[in-house]
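K.L.:
Model the structure of this input:
(2 chains)
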Amino acid sequence: MAIRFARSKSITHYVNKNLGFHGSCSLDSKKCSFMSSTIPPAMKRKTSLSDPDNLVASAARRFQSVKAGGRADYQLAPDNDREIQGLDFPGGRVAFTPKLRFLPESPEERVPCYRVLDDDGEPISSHGFEEVSEEVAVKMYSKMVTLQVMDTVFYEAQRQGRISFYVTSTGEEAINIASAAALHDDDIVLPQYREPGVLLWRGFTLQEFANQNFGNKADYGKGRQMPIHYGSRNHNYFTVSSPIATQIPQAAGVAYSLKMDKNNACVVTYFGDGGTSEGDFHAGLNFAAVMEAPVVFICRNNGWAISTPIEDQFRSDGVVVKGQAYGIRSTRVDGNDVLAVYNTIRVAREMAVTEHRPILVEALAYRVGHHSTSDDSTKYRPVDEIEHWKMVRNPVTRFRKWVERNGWWSETKEFELRKNVRNQLVQAIQVAEKTEKPPITDLFTDVYESPSSNLTEQEASLRETIKRHSQDYPSDVPI
Amino acid sequence: MAAIFQGIGTTASLSTSNSFDSKRFQFPSRRSYLSERKGNLFVMRSEGRIIGGSKGRGTSPLVTSAVASKAESSSTSTASKPGHELLLFEALREGLEEEMIRDPTVCVMGEDVGHYGGSYKVTKGLAEKYGDLRVLDTPIAENSFTGMAIGAAMTGLRPVVEGMNMGFLLLAFNQISNNCGMLHYTSGGQFKIPVVIRGPGGVGRQLGAEHSQRLESYFQSIPGIQMVACSTPYNAKGLMKAAIRSENPVILFEHVLLYNLKERIPDEEYVLSLEEAEMVRPGEHVTILTYSRMRYHVMQAAKTLVNKGYDPEVIDIRSLKPFDLYTIGNSVKKTHRVLIVEECMRTGGIGASLTAAINENFHDYLDAPIVCLSSQDVPTPYAGTLEEWTVVQPAQIVTAVEQLCR
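P.N.:
Numbering: from 1, shown residues only, chains lettered A, B, ... in the order given. Here you go, the predicted model:
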């Protein structure tokens, strides 16, 4: 994938240890040190949001910290060192500098991406990673295969005209399954639309997927949404809503709700590289940081937003660097490496829950399939690029090599699994096709808690029309 | 001006319903409205006031009248009059606080609602009592804190979102339309969104075009939401409570110029119905439908009209979506003439929809075409004199009634 990256010219390294705002923030330390010890106690901004007893005291402190009168331009440190002269500004002390300097628009090196297995499924280095048990590994692999087969079969069904629309997750199976595997069942998931793997992991059956795609009576959404707009309260998976990035501020809200209830769960929300351009991304991350909400933001950077490549989407070093702008701890991971993703999400979740902070994870991958069944991506990108990622960097084959090397998988099992899943899917589609559509009443229910007067009127009017023109009304839709 | 009227007016209009031809159109029973039916929360339309006098919250029986009752006698001193006096923004706060005490899942979010107490002081004092988390100060991103409220509501909280000015909620239109109104439906009923979105709107005193918007006309089409407009301290508190208790998303429209209205409201707890209109002044000659601030312009015009010998019936429609066609219909059948007075623009405003609804349902009862007085289709100018002329004035209302009743 050709990514043009503007290298910075000879700008001096911007990480200046003297700058008051930047403290050390390694992944090991439990908290970031933002302030030096010379700041008077009144300025310190304690994280009191989770501690109700401290609230009244913190209210007083908040007002104190924004008092402009206390600002002295030259507060000398006790040892009179001229270098620590600074401005006592809300949020911390800012040191002065006689040299005009700009933060470079892009760092010298791109943020490295965490990876555990190489392209052949061999563990890279001696750096230990959390070993995954056979059971979990095999389950992850089977679910990835299931997702692949499901995508193929439903895509074919759409091309045959049996469902109206479908969106594949080809190339992103690892992100889907491995991240789901690293979460707990009561973590609440707010998807964009390319994450059915999470539902698959949590036990959504192929029949349930088919029901939603066919919009029949058994669909939990009661046939009201397009295909692939799955949603299941029981699986803690919010219903997919088409507009991009609207789920991001909602995720902050769900985390807020969890904080009020003092739950030990976290919130996970997914979005693509294109979604990070939306205003909702900016504000959702900002809110989550300000509120110290336990959200894990997972960006599936798959290189394309329909036909917009990422160099037309943003000019930053991907999405990972945007986290720091909001005060959010971020990391970048190889999205096609199952074990890396699994480990990253597991650690991110732990941090979010125990430290009550948001985490941003950028998973690099590639959207092998078209954006949806309404798209033909060969029109805007070279076919050999697609082939390269499909063959050489396929996450499923890569993980398969590792699992097979451990003796947990075999060719026969592969064959059996694919055959079984395909048969189940074909069966599920046939059942879903034959199942009745939702009745006319469902057109008017759930708009409100109970139907309003104008809706009742409209329903009566519609029924009358149907009765009068019954020959024009489809016979497979019950009244 | 205080808005205190006889509760009898309400029952009088109900009793005339028997004389109507019910075969012309089917009206669903009054009971099948959107309100939930918990045991002691059954909100009735007739006057069902229980004389209590206790100040206990939540334990005392509910006052269930749609309008405040007139005080016993004006000659008694203030101390012995029932109820307590307060301003409209205090009434909103009282309603909000009572609901926050009653239900720990009720929370407030918006810009400057916490320590600052809200731009119009509706949430003053709440942050100190309930904490930073339950009364949340948000960064300036309307789409996002509305989205946040939706996410929180889907997981069990009951957020009250404050827009500093209704006009800013245009930034939240995406979340309100695509998610707030739709997610209960598209999720097949799995997730409900009991949010309340409130804030001041309407034309103020020289606030400029961007701060003088009437959002009710933009939001009225969104399926899945309810809209109500309050106009007096009594109905402000009652509607606030009803909106919070409702399982549907409700948008509560307040008006910038009405926050300092003073009225005496009952001590007992009361909740109003979200789908009911309020009979402000019963009459015989013409039905004047209005809401929010225009109610006061209409009442001022009514004084002039009464002196001139007319008997206007004034109804504050309160419920902007859905319209209370029951009360309105009964009135139209009695007077046969309708005048709508609103602050919305002429094109696509609440008045336009109301005209269409009345024409559709009550065409045969009208003796004259419906007249709708609304603001012009212009942005509200800053200059005071110009601004005054974009808002319907009592003199215009008087002229319109005279023409209608010729």
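K.L.:
Bridged to the residue nearest the centre of chain A, which residues?
P.N.:
Closest to where the C-alpha atoms of chain A average out (C-alpha atoms, centre = their mean) is A:Tyr270, at 1.9 Å. Per DSSP bridges, the residues bridged to A:Tyr270 are A:Ile298.
K.L.:
before we move on, what SS does B:Leu373 have?
P.N.:
strand (DSSP: H, G, I helix; E, B strand; the rest coil).
K.L.:
Next: B:Glu254.
P.N.:
B:Glu254 - assigned by three-state DSSP - is strand.
K.L.:
which stretches of the chain form helices?
P.N.:
Using chain A here. Taking DSSP state H as the test, the helices found in chain A are A:55-65, A:134-159, A:173-182, A:196-201, A:206-214, A:247-261, A:279-291, A:320-325, A:338-355, A:383-391, A:395-405, A:411-434, A:453-468.
K.L.:
hm, I was asking about chain B
P.N.:
Counting by DSSP H, the helices of chain B are B:8-15, B:88-102, B:126-134, B:142-154, B:173-174, B:183-186, B:216-219, B:233-245, B:294-307, B:325-335, B:350-362, B:384-390, B:394-404.
K.L.:
Give me every residue in the stretch 301-406 of chain B lying close to chain A.
P.N.:
Residues of the stretch 301-406 of chain B lying near chain A by C-beta under 8 Å from any C-beta of the partner chain: B:Pro322, B:Phe323, B:Leu325, B:Tyr326. In this view, the C-beta of every residue, glycine as well, is placed from N, C-alpha and C.
K.L.:
Can you tell me which of the residues you listed is closest to chain A?
P.N.:
B:Pro322 (4.8 Å; C-beta to the nearest C-beta).
K.L.:
List the contacts of the closest one.
P.N.:
By C-beta atoms under 8 Å, 6 or more residues apart in numbering or on different chains, B:Pro322 lies in contact with A:Ser452, A:Ser453, A:Asn454, B:Gln226, B:Glu275.
K.L.:
remind me which residues of the stretch 251-400 of chain A are low pLDDT?
P.N.:
For the stretch 251-400 of chain A, no stretch has pLDDT under 70.
K.L.:
rerun that using 90 as the cut-off
P.N.:
A:256-257, A:259-264 (pLDDT under 90).
K.L.:
Do you know the pLDDT at A:Ile479?
P.N.:
For A:Ile479, the pLDDT comes out at 81.
K.L.:
rewinding a little: any chance of the residues of the stretch 301-406 of chain B next to chain A in TSV, with pLDDT too?
P.N.:
Converted to TSV, those look like this (pLDDT from 0 to 100):
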residue	pLDDT
B:Pro322	91
B:Phe323	94
B:Leu325	94
B:Tyr326	94
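K.L.:
Leaving out sequence neighbours, find the closest residue to B:Arg346.
P.N.:
Computed as C-beta to C-beta, 6 or more residues apart in numbering or on different chains, the closest residue to B:Arg346 that is not its neighbour in sequence is B:Ser374, at 4.8 Å.
K.L.:
ok, back up a step: with respect to B:Met240, which of the helices of chain A lies nearest?
P.N.:
Proximity to B:Met240, assessed across the helices of chain A by C-beta to C-beta, is greatest for helix A:247-261 (20.9 Å).
K.L.:
Please write out the alpha-carbon positions of the closest one in PDB.
P.N.:
Output in PDB follows, covering the C-alpha atoms of helix A:247-261 (Å, rounded to 0.1, in the frame of the first residue of the first chain):
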ATOM      1  CA  GLN A 247     -21.400   5.700  18.000                       C
ATOM      2  CA  ILE A 248     -18.200   7.400  19.400                       C
ATOM      3  CA  PRO A 249     -19.800  10.000  21.600                       C
ATOM      4  CA  GLN A 250     -22.500   7.400  22.500                       C
ATOM      5  CA  ALA A 251     -19.700   5.200  23.700                       C
ATOM      6  CA  ALA A 252     -18.500   8.000  26.000                       C
ATOM      7  CA  GLY A 253     -22.100   8.200  27.300                       C
ATOM      8  CA  VAL A 254     -22.300   4.400  27.900                       C
ATOM      9  CA  ALA A 255     -19.000   4.600  29.800                       C
ATOM     10  CA  TYR A 256     -20.400   7.500  31.800                       C
ATOM     11  CA  SER A 257     -23.400   5.300  32.700                       C
ATOM     12  CA  LEU A 258     -21.000   2.500  33.800                       C
ATOM     13  CA  LYS A 259     -19.100   4.900  35.900                       C
ATOM     14  CA  MET A 260     -22.300   6.000  37.600                       C
ATOM     15  CA  ASP A 261     -23.200   2.400  38.300                       C
END
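K.L.:
Show me what it is packed up against.
P.N.:
strand A:188-190, strand A:267-272, helix A:279-291, strand A:295-301, helix B:126-134, helix B:142-154 (3 or more C-beta pairs under 8 Å, 6 or more residues apart in numbering or on different chains; DSSP states H and E).
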